[in-house]
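**Student:** quick one: sequence plus predicted model below, questions after.
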Amino acid sequence: MMRRHPHALIRLLPKALLLLCLLGQIGCAGLKVTPLPSPHIVALDTDDTVRILRRGGFSDKEILELGADLRDALAIQGAARICNGHITEAIFAVHDPFLHVSTRKRGTFIYNLEKRQFR
């Protein structure tokens, strides 16, 4: 039986962790928007998208990274989920004339799409 030196295993550990991250197995992927099916759709403008994501507790950097994907998901499917690995950070669902939002950081709120304001 061949025995490996412990230092050789320690040197392989960062490479193994990097490989797992690249394969998305341990949640290194960051935030991601996933479209979900819903009977209602809405085409949000940029101001509404930013306002809603800010209310949900997302940073300016996260809004830049997620905004277009969220807008597209709501315009095509009508609902979306933002996940960080296996953790759901927020769920968005259109029920005309409202957008229902539930976030892990800031709780639940409703955005009136016609009046462009929060209820």
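**Tutor:** Alright, I've got the coordinates.
**Student:** under the pLDDT cut-off, which ranges of this structure? List them.
**Tutor:** Where the chain drops to pLDDT under 70, the residues are 1-29.
**Student:** show me where it has its strands.
**Tutor:** In the chain, the strands defined using DSSP state E lie at 31-37, 78-84, 87-95, 98-103, 107-112, 117-118.
**Student:** can I get those in JSON lines including mean neighbour count and distance to Glu65?
**Tutor:** All C-beta atoms are positioned from the backbone trio N, CA, C, and that covers glycine. Formatted as JSON lines, the strands of the chain follow (neighbours: other CB atoms under 10 Å; distance: least, CB to CB, whole Å):
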{"stretch": "strand 31-37", "mean neighbour count": "15", "distance to Glu65": "7"}
{"stretch": "strand 78-84", "mean neighbour count": "20", "distance to Glu65": "10"}
{"stretch": "strand 87-95", "mean neighbour count": "19", "distance to Glu65": "12"}
{"stretch": "strand 98-103", "mean neighbour count": "18", "distance to Glu65": "16"}
{"stretch": "strand 107-112", "mean neighbour count": "14", "distance to Glu65": "21"}
{"stretch": "strand 117-118", "mean neighbour count": "12", "distance to Glu65": "23"}
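**Student:** burial measure for the closest residue to Asp96 other than its chain neighbours, as a count.
**Tutor:** Using CB to CB, 6 or more residues apart in numbering and skipping residues adjacent in sequence, the residue nearest Asp96 is His40, 4.6 Å away. Applying other CB atoms under 10 Å, we find 15 residues neighbouring His40.
**Student:** which residues touch His40?
**Tutor:** Gly78, Val94, His95, Asp96 (CB atoms under 8 Å, 6 or more residues apart in numbering).
**Student:** could you redo these as JSON lines and give each row distance to Leu53?
**Tutor:** Listed next are the contacts of His40 as JSON lines, based on distance: CB to CB, whole Å:
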{"residue": "Gly78", "distance to Leu53": "17"}
{"residue": "Val94", "distance to Leu53": "15"}
{"residue": "His95", "distance to Leu53": "19"}
{"residue": "Asp96", "distance to Leu53": "20"}
